[in-house]
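Trainee: With the input below, show me the fold.
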Amino acid sequence: MAHKILGIDLGAHSVKVALLEAGFRQARLLAVHEMLLLPQEGDESELARGTRTLQALVTEENLEREMCAAALGDEAAIRLVTVSFSDRKKIEQVLGFELEGQVMGDMGDLVHDFVIAGTDASLGGETRVVAVVAPRIDVQARVAALQSVGCEPRLIGAPALSYAALIGHGVDGQVPQIVVDIGHRRTHVCVIQKGAVVFARTIPRGGEEVTLAIQEAFRMEPIDAERAKHEQAFILLPGASAETPSHRRIDQTIRDAVRPLIRDLKQTVAAHRMGGDAPVEILLTGGGAQLRGLPEHIASELDIPVQPLQIPERDPMIGPDIDDARRGPTLPAQALGLALAVAVSVPQINLRKGALSYRGDFSYLRGKAVYLGVVVALVLVFATINAVAARHALTKESEALEAQLKRVSTELFKEPRTNAKAIIDELRAGPKGGAPPIPSTTAFDLLGEISAHIPADVKVDVVDLDIRPKKTTIRGTAESTAAVEQLVTELSKIECFKDVEKDKVSSVTAPPSGDNAKGDKAREVKQFTLTITTTCP
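Mentor: Predicted coordinates:
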């Protein structure tokens, strides 16, 4: 069953949300929303202001909150660690000790997670790990704040690592690429290669420096400086010249404002190049990246091609309501990456661990109570129908087997019986002073034995043959008394015949026989009766 996932980006200028529908092995981007931060109330914290704006956005757009994912802000520290093994369980066991010397504070008050960046051949095959460390109290505060507006996150990630989920959706992932997300106060840098994050960093600079520079240079109010940044600010393209002194002043002001950011980006690329391959492309995203001329300026300064991060038009993840702007210039890459991290299996940081693990409040199930009730009712109805049909079939089969048992038991015991266990026990016990219920030799078997033991050279006419349990009687005639004696001798050889008693043999006249019976004379034959004690029932 498909479910809805909200990827939440609590920015310093606006709140962005990506609504994703995730089903079996498939995720689909249904909608993208953004709302400028509501005016600050008193000494309200940045987190409280962001969650209040999120609540207003969710209410205004009537968004379902089945599952949510968010990220920390500046509280998350990224560290690179190298270990001599690649087993994830072993890394988990030693990572705390490795980080202890790189972070401030007691590790017991911190929570950490990691992704494996890859194997460093230059260090003898050691494993490089990108770890994220954050104060436990800050993770708890973020979870509590989001929970208060009905958006408790299943995942608390790190912004700079969330872009790995976009591999295959605008990010190639195989060649070294740098995703640069320029926000209002922070710029997140993520280097992706061979399907993994190999380097990440958050730079505390963004579009706000440009706004402040315009405000100071042109003596403008903050709201006017912000509007001027979006509508009039630009950086001249390489090789171009300013048309007016005003344009030259704007260009110089913006160049000076972004110079510290450019310097930090150069340092980040240099740091990555020390332990990895040179990046072939920069993928630019975020609100600050929309400043005219900035992509070309970054490409010129870093000597690396720069392209906007955008999802291909024919990507199956794109829903019908996502326009070109939402796929590219205004793509909430961080929010989408966090949502995808919940929907599909991708290497991702999740600081909800141990006592902070997501346990859920069953709000999703409550929201689907009617639907689930109907499904359960249908399952019970079909199960009942199946049980009734199976019972009917079994009843018919039982009746047929019972009739067969009665028929067979009547043949064995001269009466119908239905207790199969009693019949089996009685048959196993054997005979009780009489014939066994199942004869070992039948009358037909004895008839065959008698026929086989009549001598071939003795002519015997059997007049009457009566085979009964324990007694067999044979009446007939033979050519002579010697023939009768020979017959008695041969029948005595039958295993089932114990005593063969010959009654008085008398002479009788037999009518002529053969083809010429009319011309033959009457002949004299010996009439006999044999009484045989039979041991075979």
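
Trainee: Where do the strands of the stretch 101-250 of the chain begin and end?
Mentor: Using DSSP state E, counting those that start in this stretch, the strands of the stretch 101-250 of the chain run over 110-120, 126-135, 155-157, 177-182, 187-193, 196-203.

Trainee: what's the closest of those to Ala228?
Mentor: Closest of the strands of the stretch 101-250 of the chain to Ala228 is strand 177-182, at 17.9 Å (criterion: C-beta to C-beta). All C-beta atoms are positioned from the backbone trio N, CA, C, and that covers glycine.

Trainee: and that closest one, average pLDDT?
Mentor: Strand 177-182 shows a mean pLDDT of 94 in the predicted model.

Trainee: Is Ala18 in a helix, a strand, or coil?
Mentor: Assigned state for Ala18: strand (three-state reduction, DSSP: H, G, I helix; E, B strand; the rest coil).

Trainee: which residues does Gly476 form a beta bridge with?
Mentor: For Gly476, the beta-bridge partners are Val462, Phe528 (DSSP bridges).

Trainee: Quick one: end-to-end distance for stretch 231-240.
Mentor: Terminal residues of stretch 231-240 lie 20 Å apart, using C-alpha to C-alpha, to the nearest Å.

Trainee: Could you list the buried residues of that stretch?
Mentor: Residues Ala233, Ile235, Leu236 are the ones in stretch 231-240 that count as buried (16 or more other C-beta atoms under 10 Å).

Trainee: Just give me the closest of those to Thr477.
Mentor: Closest approach between the buried residues of stretch 231-240 and Thr477, by C-beta to C-beta: Ile235, at 137.5 Å.

Trainee: can you give me the helices for the stretch 1-150 of the chain?
Mentor: Applying DSSP state H, counting those that start in this stretch to the stretch 1-150 of the chain gives helices spanning 46-61, 88-100, 136-148.

Trainee: Would you format the buried residues of stretch 231-240 as JSON lines with pLDDT and distance to Val143 included?
Mentor: Output for the buried residues of stretch 231-240, formatted as JSON lines (pLDDT from 0 to 100; distance: C-beta to C-beta, whole Å):
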{"residue": "Ala233", "pLDDT": "93", "distance to Val143": "38"}
{"residue": "Ile235", "pLDDT": "94", "distance to Val143": "40"}
{"residue": "Leu236", "pLDDT": "93", "distance to Val143": "46"}
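
Trainee: which of the residues you listed lies closest to Thr268?
Mentor: Lowest distance from Thr268 to the buried residues of stretch 231-240 (C-beta to C-beta) belongs to Ile235, with 20.1 Å.

Trainee: The closest one contacts Asp251, correct?
Mentor: Yes: counting by C-beta atoms under 8 Å, Ile235 does reach Asp251; the two are 5.9 Å apart.

Trainee: Which neighbouring elements make contact with the strand or helix carrying Met274?
Mentor: Using DSSP states H and E, Met274 sits in helix 245-275. Contact partners of helix 245-275 among helices and strands, from 3 or more C-beta pairs under 8 Å, 6 or more residues apart in numbering; DSSP states H and E: strand 177-182, strand 187-193, strand 196-203, helix 207-218, helix 294-302.

Trainee: Relative to Leu161, which of these is closest?
Mentor: Checking the helices and strands packed on helix 245-275 against Leu161 by C-beta to C-beta gives strand 196-203 as the closest, at 5.3 Å.

Trainee: From Ile262, how far off is the residue nearest to Lys266 when sequence neighbours are not counted?
Mentor: Counting by C-beta to C-beta, 6 or more residues apart in numbering, Lys266 lies nearest to Leu302, which is 6.1 Å off, once chain neighbours are set aside. In this view, Leu302 and Ile262 are 8 Å apart by C-beta to C-beta, to the nearest Å.
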